[in-house]
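Asker: A predicted structure for the sequence below; I have some questions about it.
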Amino acid sequence: MSLDPALRSRIESLLQANRVVLFMKGQPGAPQCGFSAKASGVLEDLGVEYGHVNVLADQEIREGIKAFGNWPTIPQLYVDGELVGGSDIIEQMASSGELSQLLGLPPPDRTPPQVTVTEAAAEKLRGALADAGNGALALAIDARFQPRFQIAPRNDTAIAVETAGLRIQFDPASARRAHGITIDWVDDFRGQGLAIDNPNAPRPVQAISPSEADRQVRSGELVLVDVRPGDERAIAAIGVAHRTFDGDGRAELEALPKDTRLAFLCHHGGRSGRAAEEFRAKGFTCIFNVEGGIDRWSQEVDGGIPRY
C-alpha cells in the first residue's frame, strides 16, 4: 500500500513528539487486545516514559502505520523514529536486556526469585513436562499480579529457578514479582489447578463500615475518596474531609505513596468498589470500600445527610 504524503507526515509528527512511541489497540490503562496489553506492560515495568497512539480511534493511522514500517500487525514500538517490532519482539528484548540497553536504562535485575513448589504441584508439573521433551515451565506475573503458566522451550539465558525436579523460567519483571511465592496444586470447591500464594500481591479490597471509616478519617488514619459526580455530592454531601476525582484529583491520588490507606465511597458501594479495584491494580496495598455508600452513612453516622 502506498502511503499518502499527508498521512506519512502525520505519522512522522507522532514519532517526533516522543522518543518512544507505542502504536496499540486501546490505551495503556485499558488495552483492547492481549498483545497490546503485553507491550504496554513491558514499557510500564521498565518505567520508561512513552507516547501511545490508539489505532482503534483512527482508522487512517491504523492502516497507515502498517505501511509506514512495513509491519502488518499491531502493536508496534518505535524508538527514535525507528521500528523496533511487535509484542513478541518487545518481550524478547525486555527479557534479554536489549530493550533496556536501547532505551538507555540500567540492565534489569536478573536475580532468580525464591520459589517454593509443593510436592503435589511438582508431581503434576513433572508429569506435564515429561511429554514436552526439553521443555520448561514459564511463569509470567503481570502488573496486576495475575499469573500465567505455560510450557515453553528451555532457554538457557532466561532467569530460572531449578527446584523439585523442575525448571521455572521468568522474564525480569515476573522474577521480581515472584520472589517468595509458593506454587501449589488445589483440588477443592475451586476446581483443579495450579494456585499461587504471592506475598507481593496487593491485599484484596477490604470492606469497611461507614462508622469505622468516619472514625479513621477523623483520626487521620484514612483518606476518604468520594467517587460520585458533583451533582450527586451536592444532593448528599459528606461531612468529613475527603477527596474527589474532580480536576486533577485522580492524578493526585495516584501520586500518593502506595501504602496510603484509601477508602472509596459512592451511593451504594458499586462504583466505589470498581474504583477501589482500579487503585489496587495500580499497586496500592491498603484499599477499602465503604459498605453501603453514602446511603448507609446517612443511616448510621449522620442522619442529616439526605437519602436519594
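Answerer: On my side now, so go ahead.
Asker: when you work out contacts or count neighbours from here on, use the C-alpha atoms and nothing else.
Answerer: Fine.
Asker: pull the number of nearby residues for T157.
Answerer: Residues near T157, counting by other C-alpha atoms under 10 Å, number 9.
Asker: next, the contact list for it, please.
Answerer: Shown in contact with T157 (C-alpha atoms under 8 Å, 6 or more residues apart in numbering): S96.
Asker: would you agree it falls within a helix?
Answerer: No: T157 is assigned coil when assessed by DSSP: H, G, I helix; E, B strand; the rest coil, not a helix.
Asker: that one and I183, how far apart?
Answerer: 23 Å (C-alpha to C-alpha, to the nearest Å).
Asker: same question, P5
Answerer: Taken as C-alpha to C-alpha, the span from P5 to I183 is 55 Å.
Asker: so for the two, which residue has more residues nearby?
Answerer: Using other C-alpha under 10 Å, the more surrounded residue of P5 and I183 is I183, with 19 against 9.
Asker: where's the more buried one relative to I196, distance?
Answerer: In this view, I183 and I196 are 5 Å apart by C-alpha to C-alpha.
Asker: same question for D246.
Answerer: Taking C-alpha to C-alpha as the measure, D246 falls 38 Å from I196.
Asker: those two: who's more crowded?
Answerer: When D246 and I196 are compared for neighbours, I196 comes out ahead with 16 against 13, by other C-alpha under 10 Å.
Asker: who's in contact with that one?
Answerer: I196 neighbours (C-alpha under 8 Å, 6+ apart): P147, I181, T182, I183, D184.
Asker: test my guess that the second one contacts Q114.
Answerer: It stands for I181. Yes: I181 lies in contact with Q114 (C-alpha atoms under 8 Å); the separation is 7.1 Å.
Asker: can you tell me what sits against whichever strand or helix holds S9?
Answerer: In this assignment (DSSP states H and E), S9 forms part of helix 5-17. Outside helix 5-17, the residues that touch it by C-alpha under 8 Å, 6+ apart are V21, G51, E60, I61, G64, I65, F68, Y78, D80, G81.
Asker: can you give me the buried ones in it?
Answerer: For helix 5-17, a neighbour-count test (16 or more other C-alpha atoms under 10 Å) marks R8, I11, L14, L15 as buried.
Asker: after that helix, next one along is what?
Answerer: Next helix or strand after helix 5-17 toward the C-terminus (DSSP H and E): strand 20-24.
Asker: just the CA trace of that following strand, in PDB.
Answerer: C-alpha atoms of strand 20-24 as PDB (Å, rounded to 0.1, in the frame of the first residue of the first chain):
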ATOM      1  CA  VAL A  20       9.400   6.200  22.500                       C
ATOM      2  CA  VAL A  21       6.000   5.600  20.800                       C
ATOM      3  CA  LEU A  22       3.700   2.600  21.000                       C
ATOM      4  CA  PHE A  23       1.000   2.200  18.400                       C
ATOM      5  CA  MET A  24      -1.500   0.000  20.200                       C
END
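Asker: returning to that earlier point: kindly calculate the angle that the helix holding S9 makes with strand 20-24.
Answerer: 130 degrees (axes from the mean of the first three to the mean of the last three C-alpha atoms, to 10 degrees).
Asker: list the buried residues in stretch 127-140.
Answerer: By neighbour count on 16+ other C-alpha under 10 Å, the buried set for stretch 127-140 is L129, G135, A136, L137, A138, L139, A140.
Asker: report all helices and strands that the helix or strand harbouring the first one contacts.
Answerer: Element membership of L129 [criterion: DSSP H and E] is helix 119-130. Under the contact criterion of 3 or more C-alpha pairs under 8 Å, 6 or more residues apart in numbering; DSSP states H and E, the helices and strands touching helix 119-130 comprise strand 135-141, strand 166-170, strand 181-188.
Asker: go again with 7 Å.
Answerer: strand 181-188 (3 or more C-alpha pairs under 7 Å, 6 or more residues apart in numbering; DSSP states H and E).
Asker: alpha carbons of the strand it packs on, as PDB, please.
Answerer: Extracted C-alpha coordinates of strand 181-188, given in PDB (Å, rounded to 0.1, in the frame of the first residue of the first chain):
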ATOM      1  CA  ILE A 181       5.900 -17.300  46.100                       C
ATOM      2  CA  THR A 182       4.500 -20.800  46.800                       C
ATOM      3  CA  ILE A 183       3.100 -22.800  43.900                       C
ATOM      4  CA  ASP A 184       0.500 -25.400  45.000                       C
ATOM      5  CA  TRP A 185      -2.000 -27.800  43.400                       C
ATOM      6  CA  VAL A 186      -5.600 -27.400  44.500                       C
ATOM      7  CA  ASP A 187      -8.400 -29.800  44.200                       C
ATOM      8  CA  ASP A 188     -11.400 -28.500  46.000                       C
END
